[in-house]
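Colleague: need a 3D model of the following:
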Amino acid sequence: MKGFPLAKEGLVFVLPPLALSLLFLGFNFYILSLLFFLVFLFFLYFFRHPRRTFQGPEDAIISPADGRVMGIDEVEEAEFVEGRALRVSIFMGLADVHVNRAPVGGVIRRIVHRPGHFEPAYRKDCDTRNERNYVLLERDGQRLLVVQIAGILARRIHCWVREQDAVKRGEPIGMIAFGSRVDIYLPQDCESMVELNQRVKSGLTPLARKRGNA
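Modeller: Okay, here's the model as predicted:
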């Protein structure tokens, strides 16, 4: 389904209401047909998978998710990055595109899925308590970590890549069904190009760059 404008995980949600809408229409149950058609349109919109191409600088690190920047801070990440990192947290609302994309081109070095709770994604400790999926990328000897975090509505994290896969910048790597937050951990020599509460788009918004680069 590469290039298809609908995420494949959405088919199980999109097709049943469409079928029921057509079925009720055939029996002249127009109100029920309309209701199921509206449900079909909602899921069609929610699982949309737009094609996106970044036209900015080659060294730019782009946003892995649509949403609102809810945090920018320096943290210690011992397991994957193995040191200090710049973390940018993005909250994904229901109206956002839920497909996640590679922030840089590189190789997938490690993928780890951790079960957990389904608490609101705006809580500060949800990155250690909620269900989450870690995707570690390596580019030119540097490590970047993308963490898909489920929220109160999100009950399924989908990862579309495997360890040792080579990915291009902006390539889809997964999605979080019905929510909720994506964190990206960047090398210490990077500086943020976004601000708190700024709206960003996956595959389009420059998120960070190396310090000193114009």
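
Colleague: give me the neighbour count for residue 130.
Modeller: Number of residues near residue 130 (other C-beta atoms under 10 Å) recorded here: 24. (C-beta placed from N, C-alpha, C; glycine too.)

Colleague: kindly apply the preceding question to residue 42 instead.
Modeller: Residue 42 has 14 neighbouring residues, counting by other C-beta under 10 Å.

Colleague: let's have the chain start at 32 instead
Modeller: OK, 32 is where the count begins now, so the last one is residue 73.

Colleague: and it, that's in a helix?
Modeller: Yes - counting by DSSP: H, G, I helix; E, B strand; the rest coil, one finds residue 73 located in a helix.

Colleague: mind listing what it touches?
Modeller: Residues counted as contacts of residue 73 (C-beta atoms under 8 Å, 6 or more residues apart in numbering): none.

Colleague: now the least confident helix or strand in the chain by mean pLDDT: how far from the chain's centre is it?
Modeller: When each helix and strand of the chain is scored by mean pLDDT, DSSP states H and E, helix 157-160 comes last, with a mean of 77. How far helix 157-160 lies from its chain's middle: 16 Å, per C-alpha atoms, centre = their mean, to the nearest Å.

Colleague: can you check stretch 228-240 too?
Modeller: Using C-alpha atoms, centre = their mean, the offset of stretch 228-240 from its chain centre is 12 Å.

Colleague: and if you look at stretch 38-50?
Modeller: The chain centroid and the centroid of stretch 38-50 are separated by 20 Å, computed with C-alpha atoms, centre = their mean.

Colleague: need the contact partners of it.
Modeller: The contact list for stretch 38-50, computed with C-beta under 8 Å, 6+ apart, reads 32, 37, 67-68, 70-71, 74-75, 77-80, 129-130, 187, 189, 206, 208.

Colleague: buried ones in it?
Modeller: By neighbour count on 16 or more other C-beta atoms under 10 Å, the buried set for stretch 38-50 is 38, 40, 41, 44, 45, 48, 49.

Colleague: swap in stretch 165-181?
Modeller: 165-168, 170, 173-181.

Colleague: ends of it, how far apart?
Modeller: Distance across stretch 165-181, first residue to last, is 12 Å (C-alpha to C-alpha, to the nearest Å).
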